[in-house]
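Enquirer: fold the following for me, if possible:
(one chain, ligands or ions: 2)
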Amino acid sequence: MQADQRHYGRRGFLLLVAGGLSSLAWAGPASRLLSPLTSAGSQLLGDLLPVGGWRIYTISGTMPLFDPSSWRLEIDGLVKHPHSLSYDELRALPKAEQISTFHCVTGWTVNNVHWAGVRFQQLFDLVQPLPSATAVRFVSAEHPYEDSLTLDQLRFPDAMLAYELGGEPLSRPHGAPARVVLPEMYGYKGVKWLTRMELVERQPEGYWEQNGYDQDAWVGRSNGYHS
Ligand SMILES: Nc1nc2c(c(=O)[nH]1)N[C@H]1C(S)=C(S)[C@@H](COP(=O)(O)O)O[C@H]1N2
Ligand SMILES: [Mo]
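Expert: Ligands and ions are numbered 1, 2, ... in the order given. Next comes the predicted model:
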């Protein structure tokens, strides 16, 4: 299959999914931005057109609901000390902040995104990866979305597990309560509604890799649409 056919196929699919989302309730900063537009039709436009540059993506047409009292981040696999972190425990770790550019492989970009969260090293210090671990498989509460990054990539100074966007807790559309951020790679590596980090010996193929996209999603240097 040609790269562009794949591109159009995927884009059509995402647009269909976005249409299906229009009936869902919105929360957080996105809803405040959208609040002047209250009709169902306007909400649909809100999905399709940039809101502060963002387009909200889901593969399933549903957005997991975050419950702070029951949410856990499981960190397991090839580690000495598996952990199950509550939201409060995640928030209690040393906080990191950054401003970075976000690129989706389909060609849209958001400049100067203010993220806050934790560096992955904080989490590695807790669980202590075994020598055989080379990568992390990130699993979303939105099944079957997942992706992975190598431990080396996760030690980039601007890689983070983000729980705030624009100075506010991550909204439901943007992946509450936590999502993966690695600005050097396209957005599909950034799993939203994160629920599990499994340390693994070899990187498994994530959702979009199974649909033909590169495992290493370097912005401008991988097989996606180059903006
Ligand atoms: N669970 C989940 N995470 C996901 C996606 C998705 O569909 N489901 N889409 C990815 C893609 S391709 C992009 S570009 C970004 C979009 O982030 P946004 O929806 O906050 O704009 O989320 C990424 N993480
Ligand atoms: Mo994307």
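
Enquirer: is there proximity between stretch 65-79 and ligand 1?
Expert: No. With C-beta under 6 Å from any ligand atom as the criterion, ligand 1 is not reached by stretch 65-79; the gap is at least 12.6 Å. All C-beta spots, glycine's among them, are computed from the backbone N, C-alpha and C.

Enquirer: run a quick neighbour tally on the residue nearest to P177 when sequence neighbours are not counted.
Expert: Residue nearest to P177 in three dimensions, not counting chain neighbours: F66, with 4.9 Å by C-beta to C-beta, 6 or more residues apart in numbering. F66 has 19 neighbouring residues, counting by other C-beta atoms under 10 Å.

Enquirer: sec struct for F66, please.
Expert: Secondary structure for F66, judged by DSSP: H, G, I helix; E, B strand; the rest coil, is coil.

Enquirer: what do you get for E209?
Expert: Counting by three-state DSSP, the backbone at E209 sits in helix.

Enquirer: how many residues are close by it?
Expert: For E209, using other C-beta under 10 Å, the count is 19.

Enquirer: so it sits against D147, correct?
Expert: Yes. Contact criterion C-beta atoms under 8 Å: E209 and D147 qualify, at 7.4 Å.

Enquirer: still on that earlier bit, my guess is the residue nearest to P177 contacts R172, does it?
Expert: Yes. F66 is within contact range of R172, at 6.6 Å (criterion: C-beta under 8 Å).

Enquirer: got the contact list for the residue of the chain at minimum distance from ligand 2?
Expert: Going by C-beta to the ion, ligand 2 is nearest to C104 of the chain, at 3.5 Å. Neighbour list for C104: R55, Y57, Y186, G187, Y188 [criterion: C-beta atoms under 8 Å, 6 or more residues apart in numbering].

Enquirer: between these, which sits nearest R91?
Expert: Closest approach between the contacts of C104 and R91, by C-beta to C-beta: G187, at 23.9 Å.

Enquirer: what is the neighbour count of the closest one?
Expert: 26.

Enquirer: would you tell me which strand is longest in this structure?
Expert: strand 109-118 (DSSP state E).

Enquirer: mind saving the C-alpha coords of it as CSV?
Expert: The C-alpha trace of strand 109-118 is given here as CSV (Å, rounded to 0.1, in the frame of the first residue of the first chain):
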residue,chain,number,x,y,z
THR,A,109,1.0,21.0,14.7
VAL,A,110,0.5,22.8,18.0
ASN,A,111,3.2,25.2,19.1
ASN,A,112,4.2,26.1,22.6
VAL,A,113,2.3,23.4,24.5
HIS,A,114,2.8,23.8,28.2
TRP,A,115,3.0,20.3,29.8
ALA,A,116,3.5,19.4,33.4
GLY,A,117,4.0,15.9,34.8
VAL,A,118,6.8,13.6,35.9
